[in-house]
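Student: have a look at this prediction, sequence included:
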Amino acid sequence: MQQKIIILDFGSQTTQLIGRRVRELDTFCEILPYNKFPKDDPSVIGVILSGSPFSVHDPEAFKVDLSQFVGKLPVLGICYGAQFISHSNGGRVEKTNTREYGRAHLEYINTENALFRGFELKSQVWMSHGDSITAIPEGYETIASTADVKQAAFWSPTPTGTSGEKPVFAVQFHPEVFHSVQGTLLLKNFVVDVCGSKQDWSAASFVDTTVAELKQQLGNDRVILGLSGGVDSSVAAVLLNKAIGERLTCIFVDHGMLRKNEFSQVMNDYKVLGLNVIGVDASEKFFKDLAGITDPEQKRKIIGRDFVEVFNAEAKKIVNSTSSDSKCRWLAQGTIYPDRIESLNITGKVIKSHHNVGGLPKEMNLQLCEPLKWLFKDEVRRVGRQMGMPEHLITRHPFPGPGLAVRILGDITPEKVRILQDADDIYIRGLRDYKVKLSGDEARRVLAAGVPAALTDGEIEVSLYDQIWQAGAILLSTVRSVGVMGDERTYEHPVALRAVTSTDAMTADWAHLPYDFMAKVSNEIINKVKGVNRVCYDISSKPPSTIEWE
């Protein structure tokens with residue numbers, strides 16, 4: 001039986017980050033809405049309560065019946081979770097003048113307590129709370145304090161006053177974020193030492209278990225998979241290929257707005273991996289249907305509609321050509337765990353669909369196969385490496401489904417796509433070639449994302465491409481600017497460059513790229529890309545801006 005930690009989500013922006021940190025401890029976890037704790041599940045070995053945007057005193061605050069698990073399983077409350085534990089058991093949570101946001105240091109730590117074993121005095125933690133716990137419940141004990149907040153952490157070995165019960169721990173800071181320097185140690189102490197995780201959740205075990213499950217699930221059936229060239233669908237394809245081989249057929253649609261030479265490069269990669277892939281060049285259809293369209297949402301809808309039409313046509317051929325002893329009964333997708341989490345809000349209701357392919361005809365009657373549905377993005381990359389996939393496929397940045405169409409302001413033409421492909425190619429190649437040395441929080445962030453790099457004297461060396469989450473060029477085709485080349489006046493388009501750092505794309509900061517890199521790339525784009533005479537850099541963060549321009 002696979003052990004697991006249950007993380008109850010009270011609406012915190014960092015709930016997924018808690019999950020990723022637990023998974024990094026080779027321990028399976030499941031994130032559920034605060035009111036969906038699974039009853040009578042013997043595989044659960046511990047419970048973590050997340051933070052929340054609410055105060056425990058708000059009428060809208062999310063509440064859970066703690067008796068479902070307190071005393072029966074080890075519990076760790078984080079921020080709101082800690083305050084809810086105190087508030088529900090007779091402690092006091094108040095608005096005070098000692099609010100803490102950002103870095104703080106633990107001035108007192110009970111290092112004999114299981115949660116803080118191995119901690120250093122003055123350990124840096126990350127606070128983000130308006131209310132403070134001013135009194136803890138009877139039977140609980142303070143185990144860590146900052147200069148301003150006495151109840152930074154507290155616990156009870158027997159939370160309801162009887163012997164033989166499981167302990168409850170509560171911390172007002174966020175151990176899951178990088179700025180809590182020993183946060184991973186705290187989570188390890190809880191998950192491994194207190195909860196007893198066997199730490200048997202790994203990329204290797206996932207591959208072996210999933211391949212065996214796919215063989216049993218799919219039997220002799222055939223499977224269709226829509227490829228995008230991205231890491232999720234590519235890893236799903238290789239995993240399925242290990243399970244069923246040639247009975248997997250992949251469809252890769254070129255809508256004409258991929259990056260420069262991407263269609264041929266990705267097709268070659270898939271050939272090297274031994275995948276059975278049908279490549280469809282449908283660019284003429286997409287360009288025709290997009291002619292004269294300038295509204296971003298309309299562009300997206302047309303591309304989505306055309307993709308489904310092209311994919312359906314190819315899928316029907318496969319379904320209709322299979323024999324009775326090996327029918328095509330499955331549609332596979334590269335859906336990953338954050339997609340599924342984001343499909344439910346914390347009330348458990350569906351708020352948006354993340355299916356990679358939508359609108360398949362009902363008469364095709366295909367079942368859904370999602371081999372990566374339990375994995376976070378960094379785990380997907382580790383699984384890809386475990387299966388020997390090329391590094392450039394594994395570390396590929398996220399790329400929008402509509403491709404460069406949403407990075408061209410205004411209408412779409414083959415010439416505009418050519419200009420943007422050339423500029424983008426120079427930019428991305430430059431990011432891959434430029435090496436930087438990182439240390440501290442930034443090095444930990446990059447290593448935690450799964451980038452292969454050796455830590456030497458506290459530093460790692462990686463490319464700019466690996467340091468950032470996502471990058472791309474945007475063609476401002478609705479704008480022209482005056483320039484001078486040689487002795488001639490030019491009147492051409494500006495290109496904007498975008499690069500952001502992030503952990504989950506929910507929030508993102510603009511990447512502080514080196515000036516010498518920016519100067520080199522700008523000069524190369526202007527000199528080599530006909531139609532561009534000006535290069536700008538987007539220094540907007542998300543929020544208030546989005547990562548993509550359209």
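Tutor: In hand now; what should we look at?
Student: show me what Ala473 is bridged to.
Tutor: Leu497 (DSSP bridges).
Student: what's whatever helix or strand His392 lives in packed up against?
Tutor: Using DSSP states H and E, His392 sits in helix 391-394. If you count contacts as 3 or more Cβ pairs under 8 Å, 6 or more residues apart in numbering; DSSP states H and E, helix 391-394 packs onto helix 231-244, helix 377-386. For the C-beta atoms, the positions are set from N, CA and C on the backbone; glycine is no exception.
Student: those: which one's closest to Ala405?
Tutor: Closest to Ala405 of the helices and strands packed on helix 391-394 is helix 231-244 (Cβ to Cβ; 19.2 Å).
Student: what's the closest one packed up against?
Tutor: helix 203-218, strand 222-227, strand 248-254, helix 262-272, strand 328-332, helix 377-386, helix 391-394.
Student: show the pLDDT at Asp486.
Tutor: If you look again at residue 486, you'll see it is Gly, not Asp. On pLDDT, Gly486 comes in at 64.
Student: show me the contacts for the spatially closest residue to Ser545 that is not a sequence neighbour.
Tutor: In this structure, Ser545 finds its nearest non-sequential neighbour in Asp538, 7.8 Å apart by Cβ to Cβ, 6 or more residues apart in numbering. Asp538 makes contact with Ile474, Ala496, Leu497, Arg498, Trp510, Ser545, according to Cβ atoms under 8 Å, 6 or more residues apart in numbering.
Student: how about low-confidence regions in the chain?
Tutor: Confidence mapping of the chain against pLDDT under 70 gives the ranges 96-100, 129, 161-164, 323-324, 341-364, 448-450, 486-487, 504-506.
Student: just the CA atoms of the longest strand seen in it, as CSV, please.
Tutor: For the chain, the strand that runs over the most residues, judged by DSSP state E, is strand 92-109. In CSV, the C-alpha atoms belonging to strand 92-109 read as follows (Å, rounded to 0.1, in the frame of the first residue of the first chain):
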residue,chain,number,x,y,z
ARG,A,92,-6.6,33.2,21.3
VAL,A,93,-6.0,34.6,17.8
GLU,A,94,-6.0,38.4,17.6
LYS,A,95,-5.2,41.3,15.4
THR,A,96,-2.1,42.9,17.1
ASN,A,97,0.6,45.5,16.2
THR,A,98,3.1,42.7,15.8
ARG,A,99,2.1,41.5,12.3
GLU,A,100,4.9,39.8,10.5
TYR,A,101,5.4,39.7,6.7
GLY,A,102,8.6,38.5,5.1
ARG,A,103,11.9,37.3,6.7
ALA,A,104,12.0,36.7,10.5
HIS,A,105,14.4,34.7,12.7
LEU,A,106,13.7,32.2,15.4
GLU,A,107,15.1,33.6,18.7
TYR,A,108,13.9,30.6,20.7
ILE,A,109,13.8,27.0,19.5
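Student: correct me if wrong: Gly304 contacts Pro400.
Tutor: No - checked against Cβ atoms under 8 Å, the pair Gly304 and Pro400 is beyond contact range at 11.4 Å.
Student: hang on, the earlier thing: can you tell me which of the helices and strands packed on helix 391-394 is nearest to Ser522?
Tutor: It is, among those and with distance given as Cβ to Cβ, helix 231-244, at 29.2 Å.
Student: of all the helices and strands packed on helix 231-244, which lies closest to Arg445?
Tutor: Using Cβ to Cβ, the nearest of those to Arg445 is helix 377-386, at 11.0 Å.
Student: relative to helix 231-244, how tilted is the closest one?
Tutor: Helix 377-386 and helix 231-244 are oriented at 50 degrees to each other (axes from the mean of the first three to the mean of the last three Cα atoms, to 10 degrees).
Student: outside of helix 377-386, which residues touch it?
Tutor: Contacts for helix 377-386 (Cβ under 8 Å, 6+ apart): 20, 23-24, 203-204, 206-207, 231-232, 234-235, 238-239, 336, 338, 372, 375, 391, 393-395, 448-450, 452, 504.
Student: put the buried members of the residues you listed into a PyMOL selection.
Tutor: In PyMOL syntax, the buried subset of the contacts of helix 377-386 is picked out as below (16 or more other Cβ atoms under 10 Å):
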select buried, resi 20+23+24+203+206+207+231+232+234+235+238+239+336+338+372+375+393+394+395+448+449+450+504
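Student: want to try TSV for the helices and strands packed on helix 231-244, with distance to Gln298 as columns?
Tutor: Compiled in TSV, these are given as follows (distance: least, Cβ to Cβ, whole Å):
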stretch	distance to Gln298
helix 203-218	39
strand 222-227	23
strand 248-254	20
helix 262-272	24
strand 328-332	27
helix 377-386	30
helix 391-394	32
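Student: right, so of those, which gets closest to Ala315?
Tutor: strand 222-227 (5.3 Å).
Student: so what does the closest one touch, helix or strand wise?
Tutor: Using 3+ Cβ pairs under 8 Å, 6+ apart, strand 222-227 sits against helix 231-244, strand 248-254, helix 296-321, strand 328-332.
Student: dump the ones you listed into a markdown table; add distance to Glu488 as well.
Tutor: Shown next, in a markdown table, are the helices and strands packed on strand 222-227 (distance: least, Cβ to Cβ, whole Å):
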| stretch | distance to Glu488 |
| --- | --- |
| helix 231-244 | 44 |
| strand 248-254 | 37 |
| helix 296-321 | 34 |
| strand 328-332 | 54 |
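Student: looking at the helices and strands packed on helix 231-244, which is closest to Lys122?
Tutor: helix 377-386 (29.9 Å).
Student: and the closest one with helix 203-218, angle?
Tutor: Using the same axes, to 10 degrees: helix 377-386 against helix 203-218 is 90 degrees.
Student: starting at the chain centroid, how far to helix 377-386?
Tutor: Relative to the mean C-alpha coordinate of its chain, helix 377-386 is positioned 12 Å out (Cα atoms, centre = their mean, to the nearest Å).
Student: cool, stretch 167-179 as well?
Tutor: 21 Å.
Student: now do the end-to-end distance for it.
Tutor: 26 Å (Cα to Cα, to the nearest Å).
Student: please apply the same query to stretch 195-211.
Tutor: 29 Å.
Student: got it, and stretch 26-41?
Tutor: OK, stretch 26-41 end separation, Cα to Cα: 20 Å.
Student: quick one: contacts for Lys271?
Tutor: Taking Cβ under 8 Å, 6+ apart as the definition, contacts of Lys271 comprise Val277.
Student: make it 10 Å
Tutor: Val277, Gly279 (Cβ atoms under 10 Å, 6 or more residues apart in numbering).
Student: equivalent analysis for Pro53, please.
Tutor: Each residue near Pro53 by Cβ under 10 Å, 6+ apart is listed here: Phe10, Gly11, Ser12, Gln13, Glu60, Ala61, Phe62, Tyr80.
Student: how about Lys150?
Tutor: Lys150 sits next to Thr98, Glu107, Tyr108, Ser132, Ile133, Thr134, Ala135, Ile136, Thr142, Ala144 when contact means Cβ under 10 Å, 6+ apart.
Student: quick one, phi/psi of it?
Tutor: Backbone geometry at Lys150, expressed as degrees, to the nearest 10, gives phi -70, psi -40.
Student: with the one 5 residues further on instead?
Tutor: Dihedral angles phi and psi of Trp155 (degrees, to the nearest 10) take the values phi -160, psi 170.
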